[in-house]
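This is a predicted model, with the sequence first.
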Amino acid sequence: MTFSKRERIILLLTVVVVGALVLDFFALTPLLERIDEAETRLDLMTTRMRQAEALLTRRRALAPRWRRMTAESLKADPGEAESQILRAIGEWADRARLNLTSVRPDRSAEDTPLPVIDFRASGQGSMAAVSRFLYGMETANIPIKLKNLQLSSRREGSDSLSLQVTFSTLYVPPQAASPSDGAAATASEGKQP
């Protein structure tokens, strides 16, 4: 069977177009999809690597501070931690001229790497005294976390306030503390990705 020149050109163009479509379907499109997937994975891995590097840099920067805090502020004995907070609360109240009426510690029975001791304190004073007392708590060099704060006016139209505050502190129990450098830091960071 003989094809005319025109039919041969049409046949050749058809074969080229069909070949290009088959090549695109089986080779070019999957290759481009794999390249896109690889670029996406590369971007994701680059982002994760930057986050990991930032975390390591932050850990290196904070490690000396953590060691200083654990050596100076975090106590191994719950009684020492409780005494430290009670002394500090007394100092802040005296400095602020706040009349503390009660401070009650409440030790938690939970077995955690960094146990918490909760405190409830009540006091009376002016707005300036309350603000100075709270400023002392917020700028403390000891581990303290303000959990709840309740202010109420004692007398209508006066600057006499009643303060009730709940806060907590941490201590490192002897089994969590070890002579190795950064053991307490490892205990607290153990759950980070």
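Here it is on my side, so go on.

What ranges does the protein have for its strands?
In order along the chain, the chain carries the following strands (DSSP state E): 99-107, 116-125, 145-153, 161-170.

now the last one: how far from the chain's centre is it?
Just to be clear, that refers to strand 161-170. Distance, stretch centre to chain centre, for strand 161-170: 23 Å (CA atoms, centre = their mean, to the nearest Å).

Okay, now the sheet partners of that strand, with direction.
Pairing partners of strand 161-170, with direction, according to DSSP bridges: strand 116-125 (antiparallel), strand 145-153 (antiparallel).

Quick one: closest of the strands of the chain to residue 40.
Residue 40 sits nearest to strand 145-153 of all these, at 40.9 Å, using CB to CB. C-beta coordinates here come from the backbone N, C-alpha and C atoms, glycine included.

Quick check: residue 73 touching residue 141?
Yes. Using CB atoms under 8 Å, residue 73 makes contact with residue 141 at a distance of 6.2 Å.

Looking at these two now, which is surrounded by more residues?
More crowded of residue 73 and residue 141, by other CB atoms under 10 Å: residue 73, with 17 against 10.

List the contacts of that one.
Under the criterion of CB atoms under 8 Å, 6 or more residues apart in numbering, the contact list for residue 73 reads 84, 141-143.

Quick check: the two most widely separated of the residues you listed?
Pairwise distances across these peak at 10.4 Å for 84 and 141 (criterion: CB to CB).

Run a quick neighbour tally on residue 133.
A total of 24 residues lie near residue 133 under the criterion other CB under 10 Å.

Show me where this structure dips below the pLDDT cut-off.
When residues are selected by pLDDT under 70, those of the chain lie in 70, 175-193.

And the strands paired with strand 161-170: which comes nearest residue 108?
Proximity to residue 108, assessed across those by CB to CB, is greatest for strand 116-125 (5.2 Å).

residues of the closest one that come out buried?
Judged by neighbour count using 16 or more other CB atoms under 10 Å, the buried positions of strand 116-125 are 116-119, 121, 123, 125.

Let's have those residues in TSV, adding distance to residue 46.
Converted to TSV, those look like this (distance: CB to CB, whole Å):
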residue	distance to residue 46
116	39
117	44
118	44
119	46
121	50
123	53
125	55
